[in-house]
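In: any chance you could fold what I've pasted below:
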Amino acid sequence: MSFLLVHEDREYLLGAGDRLETDLGILEVPEDATAGDTVETHLGTVFRVRKLRGPDLFHHLERTGAPMMPRDIGLIVGHTGIESDDAVLDAGTGTGVLASYLGRIGVDVTTFERDADFADVARENMELASVADCVDVRTGDVTEHLGELDTFDVLTLDTEDAASVVEHTPNLLVSGGYVAVYSPFVEQTREVVETAHDVGLSDVETVETIQREMDFDDRGSRPSTAGVGHTGYLTFARRL
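Out: Prediction:
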């Protein structure tokens, strides 16, 4: 079981029984730690044990690239209605943030990562997220294993060749199942949309994910000008 150990602006993702040496002292997490407990370092610094939640995975899992943002994950869950006991095929594991989010809501995830080193990191991250029992990280190109797979409730794709997987969705999705594709570029998105129509998927929809924080000061309130908050494009489609 993993927890966040928090002291003021310090946060550490640790498991029960872990030991960490910091400038605040040596921190040892008891085997029987539970959320809400407090733990002291050998120098007397107090850390609070906090339950791990989805956004903590985004901030603290080891990264092998740019992970999917929490807002993108929220849109995927909301648009597809992913729920406990669903079976999800995920391609483009990367760090595994999406897979770990889904695992923590009780989803059975099979996820493919081409890079063997990335896949190893993702497996370690699934252990930290306490979802290794429901997230199966496989090394390889999902397009080379499509004939070996059963049907799924939802497909989540974050790969350059997503359209080639969408082409096979009639055989991969249960009736009424969804596919969700994340694409950083419009060109990939257009190819995915055209393929979805070609294979007879319904409810094809693409959204650009943009989120802006609000600034509040003595002069007034307005959206932040720090950036447009664009991450990419999400395309959703459903099998009849």
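In: quick one: low-confidence parts of the chain?
Out: Residue ranges of the chain with pLDDT under 70: 228.
In: and it, what are its domains?
Out: Segmentation of the chain into domains, based on automatic domain parsing, reads 2-51, 56-238.
In: dump those to TSV, plus mean neighbour count.
Out: C-beta: built from backbone N, CA, C; applies to glycine. What follows is the domains of the chain, written out as TSV (neighbours: other CB atoms under 10 Å):
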stretch	mean neighbour count
domain 2-51	15
domain 56-238	18
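In: residues touching the residue nearest the centre of the chain, list them.
Out: By CA atoms, centre = their mean, the chain has its centre lying nearest to residue 98, at 1.4 Å. Each residue near residue 98 by CB atoms under 8 Å, 6 or more residues apart in numbering is listed here: 67-68, 73, 76, 90, 156, 158.
In: same thing but 6 Å
Out: 68, 73 (CB atoms under 6 Å, 6 or more residues apart in numbering).
In: does it count as helix, strand or coil?
Out: Taking DSSP: H, G, I helix; E, B strand; the rest coil as the rule, one finds residue 98 in the helix state.
In: from residue 229, how far out is it?
Out: Distance of residue 98 to residue 229, computed by CB to CB, to the nearest Å: 19 Å.
In: ditto for residue 151
Out: Residue 151 is 36 Å from residue 229, by CB to CB.
In: again with residue 156
Out: For residue 156, the distance to residue 229 (CB to CB) stands at 22 Å.
In: now do residue 147
Out: Distance from residue 147 to residue 229, by CB to CB: 40 Å.
In: what's the top strand by length along the chain packed up against?
Out: Ranked by residue count, the top strand of the chain under DSSP state E comes out as strand 173-183. Judged by 3 or more CB pairs under 6 Å, 6 or more residues apart in numbering; DSSP states H and E, the packing partners of strand 173-183 are helix 70-80, strand 152-157, strand 230-238.
In: repeat the analysis, applying 7 Å as the threshold.
Out: If you count contacts as 3 or more CB pairs under 7 Å, 6 or more residues apart in numbering; DSSP states H and E, strand 173-183 packs onto helix 70-80, strand 152-157, helix 162-166, helix 186-198, strand 230-238.
In: each with direction, which strands does that strand pair with?
Out: Sheet pairing of strand 173-183 (DSSP bridges) gives strand 152-157 (parallel), strand 230-238 (antiparallel).
In: got those strands as CSV, with distance to residue 44 columns?
Out: What follows is the strands paired with strand 173-183, written out as CSV (distance: least, CB to CB, whole Å):
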stretch, distance to residue 44
strand 152-157, 46
strand 230-238, 42
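In: rewinding a little: including distance to residue 116, could the helices and strands packed on strand 173-183 go into TSV?
Out: Output for the helices and strands packed on strand 173-183, formatted as TSV (distance: least, CB to CB, whole Å):
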stretch	distance to residue 116
helix 70-80	25
strand 152-157	20
helix 162-166	20
helix 186-198	24
strand 230-238	25
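In: nearest to residue 15, out of these?
Out: When these are compared for distance to residue 15 using CB to CB, the nearest one is helix 70-80, at 22.6 Å.
In: I'd like the next helix or strand past that closest one.
Out: strand 87-91 (DSSP states H and E).
In: restricting the selection to alpha carbons, write that next one to CSV.
Out: In CSV, the C-alpha atoms belonging to strand 87-91 read as follows (Å, rounded to 0.1, in the frame of the first residue of the first chain):
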residue,chain,number,x,y,z
ALA,A,87,-12.5,-4.1,-19.4
VAL,A,88,-10.3,-1.5,-21.1
LEU,A,89,-7.6,-1.9,-23.8
ASP,A,90,-5.1,0.9,-23.6
ALA,A,91,-2.3,1.5,-26.1
